[in-house]
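Peer 1: Any chance you can model this:
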Amino acid sequence: MDFTFTEDQLLFRDSVKDFLQGEVTAETVRNLWDTESGRSDALWQQMVELGLTAMLVPEAYGGLGMNELDFVLLAVESGRVALPEPLVETAMVATPLLASLAQKDPRCASLLEKIATGEARVAVQHSVNALVADAHIADWLLLPQGDQIHLLARDQVSLIAQDSVDPSRKLFDVEWQGSDETCLARGAEGVALLAATLNRGALGAAAQLVGLAEAMVQISVQYTTDRQQFGKAIGTNQALKHHMADCAVKSEFAKAPLYRAAYTLATRPEHADFAVSHAKVVAGEAALLAAKNSIQSHGAMGYTWECDLHIWMKRAWALDKFWGHAGFHKNRLHHWLLKPTAKIGADKTFGEQG
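Peer 2: Numbers count the residues shown, from 1 in each chain. Model prediction:
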């Protein structure tokens, strides 16, 4: 049984990684803070041209027809550079939700085609998130109301901007009124679609958290290598080495649950709840530990506005609470573990044994 990514997946990851690291730097992020939207249309168009927004769009609507397992490595790279643009939310959350409804609703089919070509952006709300990210640049919004999912244009809603601990995140309270015309799904179908949307959103956040954790370790290692004290680099001290080693172990051990969650979502989404929650919990723990230890390695300078570390640190704090906080996902794991039918144990790792 081969659990590794394919050569094509890894090559595409490497090319996207090179692109993002060349285009999205700490200076780029800081410059966007001073703009009205906090977003770059030019950068978004570049990602569209690379086919990133079209990856999970079905081929019937002009996309590449890929799945969550194909995209998860790119979500990690988005976290690694603290990408401000809502690429992960668009590709991994909005697109699959629209694809689930495209055959019965031509509005969703049309939107998928426009997402693939970069003509439209869609923001998604869920009950676990009090606020909607990037609603100000979205052409359309997918909004829940009980067991219903509604599709509204931006001019049909009222947006109230809210502050975030992360200056790169643009959050909004959305005031709106739904109708039969705006309703895409309701009842059991709506509940199922919202549950799937939660899992995809949590998976996307977990992937970015892993990327953020690894980036913070890299930043801190570079800082402690360059910083001299008493004639030698402070990174030669065992205490600092142990701090970074602990972070590296946490990040590495978070990858297997993350990849397993992506595989489960792509192949058996009805069984994805526990896998996604596991990934979200361990990715959050890795990112929070990396933030904590990196601040200490910087001599607490990481808190300051002038230090680039705080860009990644604050993104980690924000994403750890987004698409379900740790308590929410631990509770889902708790319920799964107590099920008498839960397939737990060595004999269940590779399926039922006769």
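Peer 1: Check the secondary structure at residue 19 for me.
Peer 2: Judged by DSSP: H, G, I helix; E, B strand; the rest coil, the three-state class of residue 19 is helix.
Peer 1: where exactly do the helices run in the chain?
Peer 2: 7-23, 26-33, 41-49, 68-80, 87-88, 95-101, 106-117, 187-226, 238-267, 273-297, 309-321, 326-337 (DSSP state H).
Peer 1: could those go into JSON lines alongside mean neighbour count and mean pLDDT?
Peer 2: (C-beta placed from N, C-alpha, C; glycine too.) Formatted as JSON lines, the helices of the chain follow (neighbours: other C-beta atoms under 10 Å; pLDDT from 0 to 100):
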{"stretch": "helix 7-23", "mean neighbour count": "14", "mean pLDDT": "96"}
{"stretch": "helix 26-33", "mean neighbour count": "14", "mean pLDDT": "96"}
{"stretch": "helix 41-49", "mean neighbour count": "15", "mean pLDDT": "97"}
{"stretch": "helix 68-80", "mean neighbour count": "25", "mean pLDDT": "97"}
{"stretch": "helix 87-88", "mean neighbour count": "25", "mean pLDDT": "97"}
{"stretch": "helix 95-101", "mean neighbour count": "23", "mean pLDDT": "97"}
{"stretch": "helix 106-117", "mean neighbour count": "19", "mean pLDDT": "97"}
{"stretch": "helix 187-226", "mean neighbour count": "23", "mean pLDDT": "94"}
{"stretch": "helix 238-267", "mean neighbour count": "18", "mean pLDDT": "91"}
{"stretch": "helix 273-297", "mean neighbour count": "25", "mean pLDDT": "95"}
{"stretch": "helix 309-321", "mean neighbour count": "23", "mean pLDDT": "96"}
{"stretch": "helix 326-337", "mean neighbour count": "15", "mean pLDDT": "92"}
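Peer 1: Can you add distance to residue 173 and give those back as a markdown table?
Peer 2: Below are those laid out as a markdown table (distance: least, C-beta to C-beta, whole Å):
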| stretch | distance to residue 173 |
| --- | --- |
| helix 7-23 | 30 |
| helix 26-33 | 21 |
| helix 41-49 | 24 |
| helix 68-80 | 25 |
| helix 87-88 | 22 |
| helix 95-101 | 21 |
| helix 106-117 | 23 |
| helix 187-226 | 18 |
| helix 238-267 | 29 |
| helix 273-297 | 24 |
| helix 309-321 | 16 |
| helix 326-337 | 20 |
